[in-house]
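Student: Turn this into a model:
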Amino acid sequence: MITLRNPTETPLLIDGPVGKLELLVSVTPEEKNKAWGIICHPHPLFGGTMHNKIVTTLAKAYQNMGANTVRFNFRGVMRSEGQFDQGIGELDDLLAVVNWVKEQYPQQEVWLAGFSFGAFIAATAATKLDVKKLITVAPPVQNFPMQALPPILCPWVLVQGELDDVVPPKEVLAWAESRDPTPVILRFPEAGHFFHGLLVELRVRIEEAFK
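Tutor: Numbers count the residues shown, from 1 in each chain. Model prediction:
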């Protein structure tokens, strides 16, 4: 079992499907922690990295809810090796991170989260794995095959800014409302895609939604 600096995030490189994957891992001190929250970042070809402010906000939300967390870079981003793979390889990257966690902590729950492109990857993984919580922020329902996803059965919070100019809010909300089971939907009437000035409210509302 790894020893990590606590409570700060520790940088690590692990073996991924096509080379090393870059991680930032936070282990909280309480013995009660029985979960690992893994957060997926936005589209790699449009500047998305694990340092995105919404990604760090999602990590903080999960930490406040008692989870250890992993932020990571998809293949081809910063120190993660490989090249962008249209979401197919990036799903494999997430599965590799989940496997890395489960090898060391097989009894602990897996929680997933993602922003934009990362929301697509996290939601897809949640249909394939035993995931106990899911957060999707501004999922790109028009640009990736999210309509075809099987039911997502874990507790799920979907967040959408109603002034989003990157993903169409009406389509996202219609998709969410058509799902069975339906996620908890958090609408932000004044938020654009990146939730400028609203990150604290974003974190607080997510935490309250899971209580």
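Student: what about L129, which SS state?
Tutor: Classification of L129 by DSSP: H, G, I helix; E, B strand; the rest coil places it in coil.
Student: pretty sure it is in contact with K102, am I right?
Tutor: No: in this structure, L129 is not within contact of K102 by CB atoms under 8 Å, at 9.3 Å. No exception for glycine: its C-beta is placed from N, CA and C like everyone else's.
Student: where do the contact lists of those two overlap?
Tutor: V110 (CB atoms under 8 Å, 6 or more residues apart in numbering).
Student: Alpha carbons of the helix or strand hosting A59, in CSV - could you do that?
Tutor: Using DSSP states H and E, A59 maps to helix 53-64. These are the backbone C-alpha positions of helix 53-64, laid out as CSV (Å, rounded to 0.1, in the frame of the first residue of the first chain):
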residue,chain,number,x,y,z
LYS,A,53,-10.7,24.8,-11.7
ILE,A,54,-13.9,22.8,-11.9
VAL,A,55,-11.9,19.6,-11.7
THR,A,56,-10.2,20.8,-8.5
THR,A,57,-13.6,22.0,-7.2
LEU,A,58,-15.0,18.5,-7.7
ALA,A,59,-12.0,17.0,-5.9
LYS,A,60,-12.6,19.3,-3.0
ALA,A,61,-16.2,18.4,-2.8
TYR,A,62,-15.4,14.7,-2.6
GLN,A,63,-12.7,15.4,0.0
ASN,A,64,-15.2,17.3,2.1
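Student: packing partners for that helix?
Tutor: In this structure, helix 53-64 packs against strand 35-40, strand 68-72, strand 109-115, strand 131-137, helix 199-209, with contacts taken as 3 or more CB pairs under 8 Å, 6 or more residues apart in numbering; DSSP states H and E.
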